[in-house]
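Student: only geometry, no sequence info:
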């Protein structure tokens, strides 16, 4: 129950931050990519602030704790290779973000605006995740580790 409550609270803080920064507005995100037109650099400041906070937070947590508060150990990625799946996923994410102006982190809080586009985006995103998992499970041998 504590894990669920902490995830809810952390997600809520993130959602409020995304909303306050204006990143739930797809036009604001799309304008960031429109360098020759109505360029809006505010996304760079939001992302830069997030990177700085995360960098400091990771240094503090990993420097002072041997494990998370609500888990027995840290769950860190072990793979360091860059493969086609990673590059393809990053490309699809970036292209979709640039076209639509939503990323998952901004779309979920944007549900509160009650726009049909947000619901359509999230439904398409979930469908894409399901299809990707189905394709990956068919391409991966039965005994091979995934990820």
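Tutor: That came through, no problem. Note that this is a predicted model, so its numbers are computed, not measured.
Student: CA atoms for contacts and neighbours, from now on please.
Tutor: Will do.
Student: what helix or strand is residue 75 on?
Tutor: Assessed by DSSP states H and E, residue 75 sits outside every helix and strand.
Student: same check, this time on the one 3 residues further on
Tutor: Using DSSP H and E, residue 78 sits within no helix or strand.
Student: burial count for it?
Tutor: For residue 78, the neighbour count with other CA atoms under 10 Å is 7.
Student: where's it relative to residue 132, distance?
Tutor: With distances taken as CA to CA, to the nearest Å, residue 78 is found 22 Å from residue 132.
Student: cool, and residue 95?
Tutor: Between residue 95 and residue 132 the computed distance is 16 Å (CA to CA).
Student: give me the contact list for stretch 86-97.
Tutor: Contacting residues not belonging to stretch 86-97 are listed as 102, 103 [CA atoms under 8 Å, 6 or more residues apart in numbering].
Student: tell me the average confidence for that stretch?
Tutor: Per-residue pLDDT over stretch 86-97 has a mean of 88.
Student: then stretch 58-78?
Tutor: Computed over stretch 58-78, the average pLDDT equals 91.
Student: which element is the residue lying closest to residue 111 once chain neighbours are set aside on?
Tutor: The shortest distance from residue 111 to any non-neighbouring residue, by CA to CA, 6 or more residues apart in numbering, is to residue 118 (6.1 Å). Here residue 118 sits within helix 116-139, counting by DSSP H and E.
Student: so where is the chain shaky, pLDDT-wise?
Tutor: Where the chain drops to pLDDT under 70, the residues are 141-147.
Student: apply 80 and report the result again.
Tutor: 140-147 (pLDDT under 80).
Student: strands of this protein, residue ranges please.
Tutor: With strands called from DSSP state E, the chain shows none.
Student: on that earlier part again, okay, now the residue nearest to residue 111: neighbour count?
Tutor: Residue 118 has 22 nearby residues by other CA under 10 Å.
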